[in-house]
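In: build me a structure from this.
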Amino acid sequence: MKILLRKSVEKLGNIGEVVHVADGYARNFLLPRGLATTATPANAKEIEIKKRKEGLKEKLAKEGLSQLSKELSGLELSIAVKANEDGRLFGSIGSAIIAEELIRRGHSVEEGFVRLEETIKECGTYDVTLDLYPGINTQIKLFVVREE
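Out: Residues are numbered from 1 along each chain as shown. As a prediction, the model looks like this:
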């Protein structure tokens with residue numbers, strides 16, 4: 001059966017491609033889940049319009065994240081936490097806490113953007129990488145200080 005993919009399906013194809021699959025696979029899996037539709041000229045046109053809209057949305061998102069990268073570039077962030085006299089934290093600082101602090105300061109950053117090799121467990125200065133989009137990343141300087 002020839003079908004038109006409405007969404008990308010791993011090991012099958014991408015949005016808008018016409019592929020040949022077994023009848024049962026199409027009827028029982030792809031069509032009920034909205035992953036595909038019958039291959040007709042009208043459906044192909046609809047999928048093409050959907051692809052253009054998604055491409056435009058992605059382009060706008062990429063531009064917005066590129067602008068955010070410029071805003072965050074070289075930003076210095078200080079977080080005061082409870083620690084002992086040696087600078088060892090009573091807990092740790094992970095990507096969620098860093099993202100929360102950036103949001104509190106007015107930057108729309110998701111937790112998944114923050115890349116840490118491991119959680120921070122001591123006071124000090126750290127370089128934190130923010131992966132905003134494939135190919136768009138920036139670094140901020142994080143100062144972890146002892147709360148008085």
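
In: ranges for the helices of the protein?
Out: 23-25, 41-72, 95-104 (DSSP state H).

In: where does the chain have its least confident helix or strand?
Out: helix 41-72 (a mean of 85; mean pLDDT, DSSP states H and E).

In: enumerate the positions of that one that are buried.
Out: For helix 41-72, the neighbour count (16 or more other CB atoms under 10 Å) marks 43, 47, 65, 68-69, 72 as buried. Glycine gets a C-beta too; all of them are placed from N, C-alpha and C.

In: counting by contacts, list what it packs against.
Out: The contact analysis (3 or more CB pairs under 8 Å, 6 or more residues apart in numbering; DSSP states H and E) places helix 41-72 against strand 2-5, strand 124-133, strand 136-146.

In: now the ones you listed as JSON lines including distance to G112 and mean pLDDT?
Out: Converted to JSON lines, those look like this (distance: least, CB to CB, whole Å; pLDDT from 0 to 100):
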{"stretch": "strand 2-5", "distance to G112": "27", "mean pLDDT": "90"}
{"stretch": "strand 124-133", "distance to G112": "8", "mean pLDDT": "90"}
{"stretch": "strand 136-146", "distance to G112": "13", "mean pLDDT": "91"}
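
In: columns mean neighbour count on top of the ones you listed, output as CSV?
Out: Supplementary listing: the helices and strands packed on helix 41-72 in CSV, determined by neighbours: other CB atoms under 10 Å:
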stretch, mean neighbour count
strand 2-5, 19
strand 124-133, 16
strand 136-146, 17
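
In: okay if I get those strands as a markdown table plus distance to H107?
Out: Output for those, formatted as a markdown table (distance: least, CB to CB, whole Å):
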| stretch | distance to H107 |
| --- | --- |
| strand 2-5 | 37 |
| strand 124-133 | 9 |
| strand 136-146 | 10 |
